[in-house]
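In: Any chance you can model this:
(one chain, ligands or ions: 1)
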Amino acid sequence: MFTLGDQPLANAFLTPEQIDEPEPRYPLVVRECADCGIIQLKHVINAASMFSDYAFVTGISQGMTAHFAELMRENIDWHVPPGGLVVEIGSNDGTALASIASHDVRRLGIDPAVNLSDIARSRGVPAVAQFFTETLAEQVVAIHGQASLIVACNVLGHIDDLDDVLRGVRHLLSPKGAFVIEVPCANWLISRTEYDTIYHEHLSYFAVKPLSALVARHGLKITRVESQEVHGGSIRVTVQHGIGHTHAVVPWFQGDSIPRDWVAFRQRCEDTREHLVGWLTRARDDGRTVFGYGASAKATVRLNYCGVSTDLMPSIVDSTPGKQGRFVPGTRQSIHDPSVIDTLRPSDVLILAWNHNLEIRPKLAQYVASGGRVASLTTTGRLNHA
Ligand code: TYD
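Out: The predicted model follows:
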């Protein structure tokens, strides 16, 4: 078991009116199943309160847009006949489905966030603003028929009733179709000390073995596994109808059988906390001002776990319009458009959305050229000032 203490909801960015109101906090505790190795949250928060209006918009990141476009193109080539149906569960603002507009396929996005499904539709992507369930899958089949490709990226971890979703997938997936799942891999979460990927929206943290056990309960099997660098290390798993598992998964099972050292993980989390707070404190005492870059959910978790107050970091910049003008849950940093870096000229910028380092660093080139300093979090959770 591992606890991050009582934390606010990581994506519940506060409006100026909410900033003086008391803020709910909920225990953030994970535990590992001794049988299959799945890691799950101990306390589940009502999903509707977290997902009906969602702040993160996939299309903000060019890197993620390109990543999903590649996933879609590749899997359409492999699995979808002309005119076939492609369904995305957790379609967000329709970015992935929009990337295949010129393909001879039918598209359907499913996402409970009303604001994001509206954006998807405005881009010409048919989208249903509902949670994906077995009942919804039956309705989709009745109207559109079965799907040759179902994609669910960074979404399974958000779902409480996984069996209901898998029953829906089994019903919706055509006999030779593919269900492609992408999730951050729990093994890297532990080995790279990515504790900030633990938050109330993420109910489950997967590796290949627990995923295999889950899909097997529904007459499905894993036929392909690939590792991906996104989100701190992810696995892309292809699931199809059938029983047993293919050779592709055997090496992954071996890796997943190594016991996880939670004591060492906790120690590394505490070390990185001391390291970050020490650096921010020295910067403040030297009269420097540090802004964060990327008001991600990970940023909320890290700032709250480390107790980073506004005198250590007053503000964060983020290009998501829905986050600007709001405040970080718990620690209350104000969130601004990235252009304030050039107008307010903080002495240092710390990239908190570390999974987007490669995309964010070039955006700070001018700031660095004019004397600004940029630090980022490394895969060990420590700071890189290069
Ligand atoms: P995300 O990767 O979704 O992380 P999490 O799942 O922890 O919320 O969020 C990244 C955030 O960084 C998002 O709010 C958008 C922001 N961002 C920028 O402001 N500029 C950029 O160039 C990129 C790539 C992201």
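In: Which residues are in contact with the residue in the stretch 51-200 of the chain that the ligand sits nearest to?
Out: When scored by CB to the nearest ligand atom, the stretch 51-200 of the chain has Ser61 as its residue closest to the ligand, at 3.9 Å. All C-beta atoms are positioned from the backbone trio N, CA, C, and that covers glycine. Taking CB atoms under 8 Å, 6 or more residues apart in numbering, we find Ser61 in contact with 356, 359.
In: Next one, pLDDT for it please.
Out: On pLDDT, Ser61 comes in at 83.
In: now do the one 4 residues further on
Out: pLDDT recorded at Thr65 is 93.
In: That one is in contact with Asp93, isn't it?
Out: No. When contacts are counted by CB atoms under 8 Å, Thr65 is not listed as touching Asp93 (10.1 Å).
In: Are there residues contacting both of these two? Which ones?
Out: Residues within reach of Thr65 and of Asp93 at once, by CB under 8 Å, 6+ apart, are 58-59.
In: So between these two, which is more surrounded?
Out: Legend: neighbour count by other CB atoms under 10 Å for Thr65 and Asp93, higher for Asp93 (26 against 16).
In: helix/strand/coil for that one?
Out: coil (DSSP: H, G, I helix; E, B strand; the rest coil).
In: And the closest residue to it other than its chain neighbours, which helix or strand is it part of?
Out: Distance criterion CB to CB, 6 or more residues apart in numbering; nearest residue to Asp93, sequence neighbours excluded, is Ile119 at 4.2 Å. In this structure, Ile119 is located in helix 114-122 according to DSSP states H and E.
In: In contact with Phe291: list those residues for me.
Out: 313-317, 340-341, 344, 346, 348-350 are the contacts of Phe291 under CB under 8 Å, 6+ apart.
In: out of these, which are inside helices?
Out: Mapping the contacts of Phe291 onto helices (DSSP state H) picks out 340-341, 344.
In: Would you mind checking which of the residues you listed is nearest to the ligand?
Out: Distances from the ligand to the ones in helices among the contacts of Phe291, taken by CB to the nearest ligand atom, are shortest for Ile341, at 11.2 Å.
In: What is the burial count for the closest one?
Out: When neighbours are counted by other CB under 10 Å, Ile341 registers 21.
In: and what of Asp342?
Out: For Asp342, the number of neighbouring residues by other CB under 10 Å comes to 11.
In: now do the one 3 residues further on
Out: The number of residues packed around Arg345, counting by other CB under 10 Å, is 13.
In: The closest residue to it other than its chain neighbours and the ligand, how far apart?
Out: Leaving aside its chain neighbours, Arg345 sits nearest to Gly372 (7.2 Å; criterion: CB to CB, 6+ apart). According to CB to the nearest ligand atom, to the nearest Å, Gly372 and the ligand sit 16 Å apart.
In: Surely Gly372 is in contact with Val349?
Out: Yes. Counting by CB under 8 Å, Gly372 does reach Val349; the two are 6.5 Å apart.
In: Quick one: residues contacting Thr135.
Out: Taking CB under 8 Å, 6+ apart as the contact definition, Thr135 lies against Gly168.
In: Can you name the helix or strand that it falls in?
Out: helix 134-144.
In: hang on, the earlier thing: surely the residue nearest to Asp93 meets Thr95?
Out: No. Using CB under 8 Å, Ile119 is not in contact with Thr95, being 9.3 Å away.
In: so which helix or strand takes in Thr281?
Out: helix 262-285.
In: And that helix, what's buried?
Out: Using 16 or more other CB atoms under 10 Å as the test for burial, helix 262-285 gives 265, 268-269, 272-273, 275-276, 279-280, 283-284.
In: Identify the residues contacting it?
Out: 1-2, 32, 190, 193, 195, 289-290, 302, 305-308, 311-313, 347-348, 375, 380-383.
In: could you dump it to PDB, C-alpha only?
Out: Provided in PDB are the C-alpha atoms of helix 262-285 (Å, rounded to 0.1, in the frame of the first residue of the first chain):
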ATOM      1  CA  TRP A 262       7.000  -0.200  -2.300                       C
ATOM      2  CA  VAL A 263       9.300   0.700   0.500                       C
ATOM      3  CA  ALA A 264      12.000   1.800  -1.900                       C
ATOM      4  CA  PHE A 265       9.400   3.600  -4.000                       C
ATOM      5  CA  ARG A 266       8.100   5.600  -1.000                       C
ATOM      6  CA  GLN A 267      11.700   6.500  -0.100                       C
ATOM      7  CA  ARG A 268      12.400   7.800  -3.600                       C
ATOM      8  CA  CYS A 269       9.200   9.900  -3.500                       C
ATOM      9  CA  GLU A 270      10.300  11.500  -0.300                       C
ATOM     10  CA  ASP A 271      13.800  12.100  -1.600                       C
ATOM     11  CA  THR A 272      12.500  13.900  -4.700                       C
ATOM     12  CA  ARG A 273      10.100  16.000  -2.600                       C
ATOM     13  CA  GLU A 274      13.000  17.200  -0.400                       C
ATOM     14  CA  HIS A 275      15.100  17.900  -3.500                       C
ATOM     15  CA  LEU A 276      12.300  20.000  -5.200                       C
ATOM     16  CA  VAL A 277      11.300  21.900  -2.100                       C
ATOM     17  CA  GLY A 278      15.000  22.500  -1.200                       C
ATOM     18  CA  TRP A 279      15.700  24.000  -4.700                       C
ATOM     19  CA  LEU A 280      12.500  26.100  -4.700                       C
ATOM     20  CA  THR A 281      13.400  27.400  -1.200                       C
ATOM     21  CA  ARG A 282      16.900  28.400  -2.200                       C
ATOM     22  CA  ALA A 283      15.500  30.100  -5.300                       C
ATOM     23  CA  ARG A 284      13.100  32.100  -3.200                       C
ATOM     24  CA  ASP A 285      15.700  33.000  -0.600                       C
END
